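> predicted model and sequence follow; I will ask about them next.
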Amino acid sequence: QVQLVESGGGLVQAGGSLKLSCAASGRPFNNYAVAWFRQTRGQEREFVSAIAGSGGHTYYSDSVQGRFTISRDNAKNTVYLQMNSLKPEDTAVYYCAAANLGVVVTRTRYDYDYWGQGTQVTVSS
């Protein structure tokens, strides 16, 4: 089992920045792909970004490409999502998810076995 805990959400003005953290515990983390998804009320959970276990491959949705950066520190069992130039449409609950995929990384939420509880990000206009 892997436990994930997100932190770093909050309220920020448009154009501002936030850095989310996803701390993992329970098993060695370096083989686990980690992704960030987000969800607003009544909407499907949307892929945001993902990073391979080694950190060598990263992916972003078109809506956040160039503004968000995903990274990981396997020594700390933590994945980060640096969010810059935030827009009101980035407002959502952000979830991190993990799967033991080795070097593979996927954008599909059904491929991820472990999920955090989510952290709210609110961007005011």
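It's in.

> quick one: the strands in the chain, in order.
Ranges of strands in the chain, per DSSP state E, are 3-7, 10-13, 18-25, 32-39, 46-51, 58-60, 68-73, 78-83, 92-100, 114-115, 119-124.

> and those: which comes nearest residue 108?
Evaluated with C-beta to C-beta, those place strand 46-51 nearest to residue 108, the distance being 7.7 Å. (Each C-beta comes from the backbone N, C-alpha and C, glycine too.)

> for the residue nearest the centre of the chain, give me the pLDDT.
By C-alpha atoms, centre = their mean, the mean C-alpha position of the chain lies nearest to residue 36, the distance being 2.4 Å. Per-residue confidence for residue 36 comes out at a pLDDT of 98.

> quick one: the residue nearest to it when sequence neighbours are not counted from residue 27, how far?
Closest residue in space to residue 36, ignoring its immediate chain neighbours: residue 48 at 4.2 Å, by C-beta to C-beta, 6 or more residues apart in numbering. Relative to residue 27, residue 48 is positioned 24 Å away (criterion: C-beta to C-beta, to the nearest Å).

> how about residue 13?
The value you get for residue 13 to residue 27, if C-beta to C-beta is used, is 38 Å.

> coming back round to it: who's in contact with the residue nearest to residue 36?
Taking C-beta atoms under 8 Å, 6 or more residues apart in numbering as the contact definition, residue 48 lies against 35-38, 60-61, 64, 68, 81, 94.

> please apply the same query to residue 53.
Listed by C-beta under 8 Å, 6+ apart, the contact set of residue 53 reads 29-33, 74, 101-103.

> if any of those are buried, put those into a ChimeraX selection.
One line in ChimeraX is enough to select the buried members of the contacts of residue 53, burial here meaning 16 or more other C-beta atoms under 10 Å:
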select :29,31,32,33,74,101
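
> turn the contacts of residue 53 into JSON lines, columns for distance to residue 8 and pLDDT.
As requested, the contacts of residue 53 are exported to JSON lines (distance: C-beta to C-beta, whole Å; pLDDT from 0 to 100):
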{"residue": "29", "distance to residue 8": "18", "pLDDT": "82"}
{"residue": "30", "distance to residue 8": "22", "pLDDT": "86"}
{"residue": "31", "distance to residue 8": "24", "pLDDT": "88"}
{"residue": "32", "distance to residue 8": "19", "pLDDT": "93"}
{"residue": "33", "distance to residue 8": "20", "pLDDT": "95"}
{"residue": "74", "distance to residue 8": "19", "pLDDT": "90"}
{"residue": "101", "distance to residue 8": "24", "pLDDT": "87"}
{"residue": "102", "distance to residue 8": "27", "pLDDT": "79"}
{"residue": "103", "distance to residue 8": "27", "pLDDT": "79"}
